[in-house]
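Visitor: this is a predicted model, with the sequence first.
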Protein chains: 2
Amino acid sequence: MTAAEPSGSPTMRDVADHAHVSPMTVSRTLRDDPSVTPEKRRRVLDAVAALGYRRNEMARNLRLGSSTGLLGVIIANIANPFYAQLALGIEAHADKRGMRVVFANSGENPERERQLVSDFAARRLDGIIAVPTANQHDHLDPAALSGTPVVLAASPPHRINVDAVLLDDFGGTYEATSMLIARGHHRIGFLGLPAATWTGSERYRGYAAALEAAGLRVEDRYVRRNQPDVAAAVASATAILDQPDPPTALFAANNRNTLGAYRAIRSRAETVALAGFDDLDVADLLDLPLIVVSYDARELGRVAAELVCEHIDNTAPGSSTRRIVIPTKVIDYQQCPS
Amino acid sequence: MTAAEPSGSPTMRDVADHAHVSPMTVSRTLRDDPSVTPEKRRRVLDAVAALGYRRNEMARNLRLGSSTGLLGVIIANIANPFYAQLALGIEAHADKRGMRVVFANSGENPERERQLVSDFAARRLDGIIAVPTANQHDHLDPAALSGTPVVLAASPPHRINVDAVLLDDFGGTYEATSMLIARGHHRIGFLGLPAATWTGSERYRGYAAALEAAGLRVEDRYVRRNQPDVAAAVASATAILDQPDPPTALFAANNRNTLGAYRAIRSRAETVALAGFDDLDVADLLDLPLIVVSYDARELGRVAAELVCEHIDNTAPGSSTRRIVIPTKVIDYQQCPS
DNA sequence: CGCGGTCGTGGTATCGATACCATCAGTCCG
DNA sequence: CGGACTGATGGTATCGATACCACGACCGCG
């Protein structure tokens, strides 16, 4: 070493000094500029290796004004397998575009979600895909995010102007509930999600509409709408089934509730039919008939990535707010014995 | 508007012009410097709101030379619930420290892992926690990453000097296999992971050691070690069980293999005992006795975050390579009927 | 009334990397 | 042999934000 190494990360100037060239030559070498002599190129690369130098992407991006090549994904609950599939779909498309994807977990906490979005925009990610936790979307408005494109997944925008990729929450729930009714169930319980969320209200709407279409009434005592985890779902299902004149079937509004309902039903003597939103990868292994509302979560992610990439490409994307709906498919695991 | 808005993201200078103050005053206002007159403060904040201005964190970090406050996590397979728990544990600790966590998925692709690590280091994240996919760890050496601290999870470092948080792969497998033997099984199949990975070789070692300790021999025809997904695990399990003189029990080296083995066993007439590494959240719902090697994945993440934070704090962390082992616990789901 | 001291504000240099232009050596051709 | 030209290299300004210093206004006190 010709001199004392600087304490912090080595910079391009350090490499230049070490290789006895100018910083410009270092920059060119690392940018694969062909106009660098093989001799100097070698010296630079040696110095880079000797110092463990690594170009500072943030400074580079600042100077170039170019995009960061990053797509940010804010998911509501990393422990939910649905989001894992969503993530894979997003990655599949981003890969083709040569973009990198980073994920952050809001933990279904609106304040955290707000901070994460703000942070992603401040770091100038090229685009953001968010699964909003609450119904307040002001913080997701690109106009308030220096124009960073935003696409919502699984929830439509509320008072802001962005694209969204949705599930057919209403239709899927309607169809599955109707199937229970067609099997002769007239008292059907509902394990739902908070009414303040889009999925929570849509799936409830689907449930209620199916009952109404069959001339049945929604009984509030059969409905619970706030189970944050499987244990709570078990408790709610048990409470519903412990009433006098209990339902003969349950509809669960997502995978957590389906698992909870399954556990509750399994531990009792009477048989209760079960249907639920979200497929389970072990659905066919359960020893109870189960109807699920299934959908291609990966496709949902892929489409969301496609939309956000279109916004990234078009400097003037127009003000068309697109809503794309991913279809759902009802699967009856009673019909297909493993 | 007093003038045409600039096309790109508004900058501090734009805000300054709009508010008729100098960029310095804008900077001070946004930094909550008390030496700004309320009057000008208001003008600045109004301009910020009017322009949708957002401070550029990258430029800010560059100037301040301060840390980014980001912890990067590179996980091997986002679809594996184990990693979701790991992520939650990391987040729990990072939250307490006021750090943000971003995740990236290597998809068990070593080249992708290399790119992601390089990218995280180039963007000057404060620290990296990685679950390495292969046994080649050169790209994870902090010396080659401008000194960015690295902690490995679930796999010890190979020829590099970093801390790691491990599972008791050997012990857990040994104990569970021994339990199968104690139940009278003398022919035990093994669904493993690639031998080139740490977990793959350790879990195989545990299996083999348990057999040997009981005076049994490892039969190669009972061993398959490369099932990348559940379907492949089903196929391998079926192949093992279809042989003449088949095993009466199987050990599966991770949750994918356990599920695959379960499916294979379930579709045949004879009963086959099953044990596996990784707990399943539906383990108690399966209609077959099941032994699992369980552990606190969240704790693993928490400890990894702790270690990497210590490195971030200590400017000279010493060269002690620590390895912390998270204990495993064997759970017998036959014993605790739901 | 003048002098030192605070307080609010703006100018300038800088973080690390690169675009642009200047420069200088070497080459080719009229 | 000289001038124009190509090609490698270095100097300078800049991206957006902020640390540091400088400056003018205002205050109180002798």
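Guide: Sure, I can see it. Numbers count the residues shown, from 1 in each chain, chains lettered A, B, ... in the order given.

Visitor: residue numbers of the stretch 51-200 of chain A in contact with DNA strand C?
Guide: Applying CB under 7 Å from any atom of the strand, we find that the stretch 51-200 of chain A lies next to DNA strand C at A:55-56, A:59-60, A:62-64. The C-beta positions use only the backbone N, C-alpha and C, and glycine is treated the same way.

Visitor: swap in 10 Å and give it another go.
Guide: Contacts of the stretch 51-200 of chain A with DNA strand C, taken as CB under 10 Å from any atom of the strand, map to A:53-66.

Visitor: which residues touch A:V48?
Guide: Neighbour list for A:V48: A:15, A:26, A:30 [criterion: CB atoms under 8 Å, 6 or more residues apart in numbering or on different chains].

Visitor: quick one: what helix or strand has it in it?
Guide: In the assignment (DSSP states H and E), A:V48 maps to helix A:38-51.

Visitor: just A:L62 next, same as before
Guide: For A:L62, the enclosing helix or strand under DSSP H and E is helix A:57-64.

Visitor: and that helix, what does it pack onto?
Guide: helix B:57-64 (3 or more CB pairs under 8 Å, 6 or more residues apart in numbering or on different chains; DSSP states H and E).

Visitor: identify the spatial nearest neighbour of A:V151, chain neighbours not counted.
Guide: Closest residue to A:V151 apart from its sequence neighbours, by CB to CB, 6 or more residues apart in numbering or on different chains: A:V308 at 4.4 Å.

Visitor: after the helix or strand where that neighbour lies comes which helix or strand?
Guide: According to DSSP H and E, A:V308 maps onto helix A:297-313. Downstream of helix A:297-313, the first helix or strand assigned by DSSP H and E is strand A:323-326.

Visitor: which secondary structure elements does that next one sit against?
Guide: For strand A:323-326, the packing partners by 3+ CB pairs under 8 Å, 6+ apart come out as strand A:163-167, helix A:297-313.

Visitor: returning to what we had before: buried residues in the helix holding A:L62, which are they?
Guide: For helix A:57-64, the buried set under the neighbour-count rule, 16 or more other CB atoms under 10 Å in any protein chain shown, comprises A:57-62.

Visitor: list, out of those, those positioned next to DNA strand D.
Guide: Contacts with DNA strand D within the buried residues of helix A:57-64, counted by CB under 10 Å from any atom of the strand: A:58-62.

Visitor: quick one: contacts for A:V325?
Guide: For A:V325, the contacting residues are A:165-168, by CB under 8 Å, 6+ apart.

Visitor: go again using 10 Å as the cut-off
Guide: A:156, A:164-171, A:300, A:303 (CB atoms under 10 Å, 6 or more residues apart in numbering or on different chains).

Visitor: buried ones among these?
Guide: Buried members of these, counted by 16+ other CB under 10 Å: A:156, A:164-171, A:300, A:303.

Visitor: in these, find the pair that's most separated.
Guide: Farthest pair in the buried ones among the contacts of A:V325 (CB to CB) is A:F170 and A:V303. Separation: 18.8 Å.

Visitor: does any part of the one helix or strand A:L71 maps to sit near DNA strand D?
Guide: Using DSSP H and E, A:L71 sits in strand A:70-75. No - using CB under 10 Å from any atom of the strand, strand A:70-75 stays clear of DNA strand D, coming no nearer than 17.0 Å.

Visitor: got the CA positions of that strand in PDB?
Guide: Extracted in PDB, the C-alpha atoms of strand A:70-75 (Å, rounded to 0.1, in the frame of the first residue of the first chain):
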ATOM      1  CA  LEU A  70     -36.000  -1.100  -8.400                       C
ATOM      2  CA  LEU A  71     -39.500  -2.100  -7.900                       C
ATOM      3  CA  GLY A  72     -40.900  -1.800  -4.400                       C
ATOM      4  CA  VAL A  73     -43.500  -4.100  -3.100                       C
ATOM      5  CA  ILE A  74     -45.400  -3.400   0.100                       C
ATOM      6  CA  ILE A  75     -47.200  -6.400   1.400                       C
END
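
Visitor: what average pLDDT does it get?
Guide: Model confidence over strand A:70-75, given as mean pLDDT, is 96.

Visitor: picking up where we left off before, make a markdown table out of the helices and strands packed on strand A:323-326 and add mean pLDDT.
Guide: A markdown table is the format used below for the helices and strands packed on strand A:323-326 (pLDDT from 0 to 100):
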| stretch | mean pLDDT |
| --- | --- |
| strand A:163-167 | 97 |
| helix A:297-313 | 95 |
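
Visitor: for the ones you listed, which one sits closest to DNA strand D?
Guide: helix A:297-313 (17.7 Å; CB to the nearest atom of the strand).

Visitor: quick one: contacts for A:A87?
Guide: Each residue near A:A87 by CB under 10 Å, 6+ apart is listed here: A:73, A:75, A:78, A:101, A:103, A:129, A:297-298, A:301, B:78-79, B:103, B:105.

Visitor: who wins on neighbours among those residues?
Guide: Sorting the contacts of A:A87 by how many neighbours each has (other CB atoms under 10 Å in any protein chain shown) puts A:V73 first, at 31 neighbours.

Visitor: specify the beta-bridge partners of it.
Guide: Here A:V73 shows beta-bridge partners A:F103, A:I129, assigned using DSSP bridges.

Visitor: picking up where we left off before, quick one: the helix holding A:V48 to chain centroid distance?
Guide: Relative to its chain's centre, helix A:38-51 lies at 43 Å (CA atoms, centre = their mean, to the nearest Å).

Visitor: quick one: buried residues of that helix?
Guide: Applying 16+ other CB under 10 Å to helix A:38-51 flags A:40-41, A:43-45, A:47-48, A:51 as buried.

Visitor: cool, stretch A:84-100 as well?
Guide: Within stretch A:84-100, the residues scored as buried using 16+ other CB under 10 Å are A:84-94, A:99-100.

Visitor: now the element after the strand or helix carrying A:R203, going C-ward?
Guide: A:R203 is part of helix A:198-213 when elements are defined by DSSP H and E. Downstream of helix A:198-213, the next assigned helix or strand under DSSP H and E is strand A:223-224.

Visitor: that next one pairs with which strands?
Guide: With DSSP bridges as the test, strand A:223-224 is paired with strand A:188-191 (parallel).

Visitor: distance check, A:L280 against B:D278.
Guide: 17 Å (CB to CB, to the nearest Å).

Visitor: more neighbours, those two?
Guide: B:D278 (24 against 19).

Visitor: still on that earlier bit, the helix holding A:V48 vs DNA strand D: in contact?
Guide: Yes - Helix A:38-51 reaches DNA strand D (CB under 10 Å from any atom of the strand) through A:38-41, A:43-44.

Visitor: mean confidence for stretch A:118-132?
Guide: pLDDT averaged over stretch A:118-132 gives 95.

Visitor: return the set of buried residues in that stretch.
Guide: Under the neighbour-count criterion of 16+ other CB under 10 Å, stretch A:118-132 has A:119-132 buried.

Visitor: list the ones among those that fall in strands.
Guide: Cross-referencing the buried residues of stretch A:118-132 against strands under DSSP state E gives A:127-130.

Visitor: any idea which of these is closest to DNA strand C?
Guide: Checking these against DNA strand C by CB to the nearest atom of the strand gives A:G127 as the nearest, at 22.7 Å.

Visitor: am I right that the closest one is in contact with A:N314?
Guide: No - counting by CB atoms under 10 Å, A:G127 does not reach A:N314; the two are 11.9 Å apart.

Visitor: common neighbours of these two, please.
Guide: Common contact partners of A:G127 and A:N314 (CB under 10 Å, 6+ apart): A:P149.

Visitor: the residue nearest to A:A176 when sequence neighbours are not counted sits in which helix or strand?
Guide: In this structure, A:A176 finds its nearest non-sequential neighbour in A:A275, 4.5 Å apart by CB to CB, 6+ apart. A:A275 is located in strand A:273-277, with elements delineated by DSSP H and E.
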